[in-house]
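Peer 1: all I have is the shape, not the residue letters:
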RNA sequence: GCAUCGAUGGUCUAGUGGUAUGACUUAAGCCUUCCAAGCUUAUAGCCCGGGUUCAAUUCCCGGUCGAUGCACCA
């Protein structure tokens, strides 16, 4: 079992570096904090995690993947609120040179509502406050905005500002109208995106947990606001049970309690069926990539922790040896906030026309003014009066309207009042958005950390990455027992047949067989095929299980099919 | 970003004001009939920049990265 669990992080990262999972970026020039390279095995493993994610969201849920640029023009992030809201007001202590959050300094100094102050006001207000680091009175300081978005310009000599996206989500929102057409104007529908996002973190630490460039897998699911409690497949996860840590429990410092999704929705613990469905699906997905259920919990955001637009938000947290509970997936009900914001900023409607079952008969009163008279009489003000008249409540004598503070009486003979019954066939609805947002790098870290194990084999320590077979970078190794007597030729043929079946198989004939097994154990290859002298007689080989180190003989022509089944989980080694 | 500590082949390490020790790994060969065996050989290293010095991997200053603490983490 794991010994000295305090330094599992170091052991895992050491192994990851040595064996080609994770490398510091551009190491020959000195690495840069907050950026990492995935080596050959890491990139393969990450790809497998992403492909499992695709299976869940694209194939099973039917939400197609799109791909938007990682750079977007400023308007996108003005609308999303990132230009304004994604920055911190900061100042530098003139005594100890420490950078401080200006609003935190103000709050500590008893100044109220620092967040609504302008920078100059805030600077003046905190002049009498003390620095949290050196405890000197600050005095004259400058307050500046530090935006967490990387900024760039688009085109040569251009003033046109662009930003590297801080989340992939906005791409799905700005494509809303196209997506709606693609899905033939019907709710619900969803779009997903797996890609890089960028945040210029002030001080990234913790290896691959907090990165400046990271991979997100996000789904934006557009739902009718009245239908959030009716997920069509909710039954599938209704009895799915997992530990939920509500904000109430957090305030009382209680532990997470197991609860089924049905119960969570019925008791109002999770806001609606849609959110609960994706909470369960997320749990399912994380367990599928090899996260241990006992290391998983779902934590509800505290009311003051929630983004201002989200009505409910849950984080999937994975317990790490080094970092404690790490937020790995965020599940939010973003309501109609984003679509409204982009509709307003872009001037494009972002609504769905929902047809009623039966057209509604609605009595409507129209006021039709006699413009030929009104126009001559009121000249430049005529248009404004016309607009005011349309919503006025006329009496038998006429209508009183107010334009720019000036009152006008319009006699009844200058307009006609028409009462009509019209058919209303439906209405424009701004969909709500349910957003599961996955941090792929954090998932990869959790997979690495939880796979790491040390055990003893024949009295010798063995390091083994116990990856779930579906995320292991190399899926099977093929060894000839000896490099002679045609054993190597047969082994090469087997490796080739596996590769033709789409399986990543690695052939190895160097050194003693035991060394080769150990080498594959350390990179988490779940199975190994060995060609021995019996193979020449009966066309069978041994298949060895990484975790138990047990071996079973199977016929050569069954190798690709058996390995495939073992990898996709439809067969387990114990059943061989 | 501030403070403290650290950085020697891929990994772990010895050591030094005159270019560096050992082990493991890796590669080639021999040997070997299933879990890091053995033998031979080979490859490979003093984080970067500046200063002091005849000479710096070593001493000094600055930087980068990493660990820890503080601050930060929409």
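Peer 2: Noted; the coordinates are in hand. All values derive from a computational prediction rather than experimental measurement.
Peer 1: now the closest residue to RNA strand B within the stretch 451-576 of chain A: which helix or strand?
Peer 2: Using C-beta to the nearest atom of the strand, the closest approach of the stretch 451-576 of chain A to RNA strand B is made by residue A:514 at 2.3 Å. From N, CA and C alone the C-beta is placed, and that goes for glycine too. Assigned by DSSP states H and E, residue A:514 belongs to helix A:513-522.
Peer 1: what about the next helix or strand after that helix, near RNA strand B?
Peer 2: Downstream of helix A:513-522, the next assigned helix or strand under DSSP H and E is strand A:527-531. Yes. Among the residues of strand A:527-531, residue A:530 lie within reach of RNA strand B under C-beta under 7 Å from any atom of the strand.
Peer 1: circling back: what about the helix holding residue A:514, average pLDDT?
Peer 2: Taken as a whole, helix A:513-522 has an average pLDDT of 94.
Peer 1: in terms of secondary structure, what does that helix contact?
Peer 2: Helix A:513-522 makes packing contacts with strand A:460-465, strand A:476-480, strand A:527-531 when contacts are defined by 3 or more C-beta pairs under 8 Å, 6 or more residues apart in numbering; DSSP states H and E.
Peer 1: make JSON lines out of these and add mean pLDDT.
Peer 2: Shown next, in JSON lines, are the helices and strands packed on helix A:513-522 (pLDDT from 0 to 100):
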{"stretch": "strand A:460-465", "mean pLDDT": "90"}
{"stretch": "strand A:476-480", "mean pLDDT": "96"}
{"stretch": "strand A:527-531", "mean pLDDT": "97"}
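Peer 1: which of the ones you listed is buried the deepest?
Peer 2: Greatest average neighbour count among the helices and strands packed on helix A:513-522 goes to strand A:476-480 (a mean of 27), per mean count of other C-beta atoms under 10 Å.
Peer 1: quick check: mean pLDDT of the helix or strand following it?
Peer 2: As assigned by DSSP H and E, the chain's next helix or strand after strand A:476-480 is helix A:487-500. What helix A:487-500 shows for mean pLDDT is 95.
Peer 1: now swap in stretch A:380-392 and tell me
Peer 2: 73.
Peer 1: list of residues touching it?
Peer 2: A:366-367, A:369, A:371, A:374-375, A:378, A:399-404, A:406, A:408, A:410, A:415 (C-beta atoms under 8 Å, 6 or more residues apart in numbering).
Peer 1: at 6 Å instead, please
Peer 2: With contact meaning C-beta atoms under 6 Å, 6 or more residues apart in numbering, stretch A:380-392 is reached by A:367, A:369, A:374, A:375, A:378, A:399, A:401, A:403.
Peer 1: neighbours of residue A:152, how many?
Peer 2: Using other C-beta atoms under 10 Å, residue A:152 is surrounded by 11 other residues.
Peer 1: and the next helix or strand past the helix or strand harbouring residue A:219?
Peer 2: Counting by DSSP H and E, the element that carries residue A:219 is strand A:213-223. Where DSSP H and E defines the elements, the next helix or strand beyond strand A:213-223 is helix A:235-238.
Peer 1: ok, the next helix or strand after that following helix: who's next to it in the sheet?
Peer 2: Next in sequence after helix A:235-238, counting helices and strands by DSSP H and E, comes strand A:241-245. Here strand A:241-245 is paired, per DSSP bridges, with strand A:257-260 (antiparallel), strand A:296-300 (parallel).
Peer 1: buried ones in the last one, by neighbour count?
Peer 2: If I follow you right, that is strand A:296-300. A:296, A:297, A:298, A:299, A:300 (16 or more other C-beta atoms under 10 Å).
Peer 1: need the next SSE after it, C-terminal direction.
Peer 2: strand A:313-320.
Peer 1: is that following strand positioned near RNA strand B?
Peer 2: No. If you take C-beta under 7 Å from any atom of the strand as the test, strand A:313-320 misses RNA strand B, and the best it gets is 10.4 Å.
Peer 1: what lines up beside the biggest strand by length in chain A in the sheet?
Peer 2: Longest strand in chain A by number of residues, with DSSP state E as the criterion: strand A:352-369. In the sheet, strand A:352-369 lines up against strand A:415-429 (antiparallel) (DSSP bridges).
Peer 1: residues of the partner strand that come out buried?
Peer 2: Buried-residue list, strand A:415-429, by 16+ other C-beta under 10 Å: residue A:415.
Peer 1: now do whatever helix or strand comes next after that strand: which elements does it pack against?
Peer 2: The element immediately downstream of strand A:415-429 (helix or strand, assigned by DSSP H and E) is strand A:432-439. Counting contacts by 3 or more C-beta pairs under 6 Å, 6 or more residues apart in numbering; DSSP states H and E, strand A:432-439 packs against strand A:213-223, strand A:324-335.
Peer 1: among the ones you listed, which is nearest residue A:423?
Peer 2: Closest of the helices and strands packed on strand A:432-439 to residue A:423 is strand A:213-223, at 27.0 Å (criterion: C-beta to C-beta).
Peer 1: report how many residues lie close to the nearest residue to residue A:467 once chain neighbours are set aside.
Peer 2: In space, and not counting its chain neighbours, residue A:467 is closest to residue A:524: 3.9 Å by C-beta to C-beta, 6 or more residues apart in numbering. Number of residues near residue A:524 (other C-beta under 10 Å) recorded here: 28.
Peer 1: wait, what's in contact with residue A:524?
Peer 2: A:451, A:465, A:467, A:472 are the contacts of residue A:524 under C-beta under 6 Å, 6+ apart.
Peer 1: for burial, what's the neighbour tally of the first one?
Peer 2: Going back to what we said before, that points to residue A:451. 19.
Peer 1: in contact with the residue positioned nearest the centre of chain A, which residues?
Peer 2: The centroid of chain A falls nearest to residue A:437 when counting by C-alpha atoms, centre = their mean (1.9 Å). Taking C-beta under 6 Å, 6+ apart, we find residue A:437 in contact with A:218, A:330.
Peer 1: tell me the pLDDT of it.
Peer 2: 95.
Peer 1: can you tell me the helix or strand for residue A:49?
Peer 2: Counting by DSSP H and E, residue A:49 is part of helix A:40-54.
Peer 1: the helix or strand just after that helix: how far from the chain's middle?
Peer 2: Using DSSP H and E, the next helix or strand after helix A:40-54 towards the C-terminus is strand A:64-65. Put simply, strand A:64-65 sits 14 Å off its chain's centre (C-alpha atoms, centre = their mean, to the nearest Å).
Peer 1: each with direction, which strands does the helix or strand following strand A:64-65 pair with?
Peer 2: Heading C-terminal from strand A:64-65, the first helix or strand you meet, by DSSP H and E, is strand A:71-73. The strands that strand A:71-73 pairs with in its sheet are strand A:161-164 (antiparallel) (by DSSP bridges).
Peer 1: touching the partner strand from outside, list them.
Peer 2: A:70, A:71, A:73, A:74, A:77, A:149, A:150, A:151, A:152, A:154, A:198.
Peer 1: quick one: that strand near RNA strand B?
Peer 2: No. Judged by C-beta under 7 Å from any atom of the strand, strand A:161-164 stays clear of RNA strand B, getting no closer than 12.8 Å.
Peer 1: what comes up buried for that strand?
Peer 2: A:162, A:163, A:164.
Peer 1: specify the beta-bridge partners of residue A:71.
Peer 2: With DSSP bridges as the rule, residue A:71 is bridged to residue A:164.
Peer 1: do residue A:297 as well
Peer 2: residue A:317.
Peer 1: quick one: residues contacting it.
Peer 2: Counted by C-beta under 6 Å, 6+ apart, residue A:297 has contacts A:243, A:245, A:256, A:317.
Peer 1: from the residues you listed, which shows the smallest pLDDT?
Peer 2: Among the contacts of residue A:297, residue A:256 has the lowest pLDDT, at 87.
Peer 1: RNA strand B versus that one, what's the distance?
Peer 2: For residue A:256, the distance to RNA strand B equals 21 Å [C-beta to the nearest atom of the strand, to the nearest Å].
Peer 1: that residue: neighbour count?
Peer 2: Around residue A:256 there are 18 residues (other C-beta under 10 Å).
Peer 1: you'd agree it is up against residue A:241?
Peer 2: No. Taking C-beta atoms under 6 Å as the definition, residue A:256 is not a contact partner of residue A:241, at 11.7 Å.
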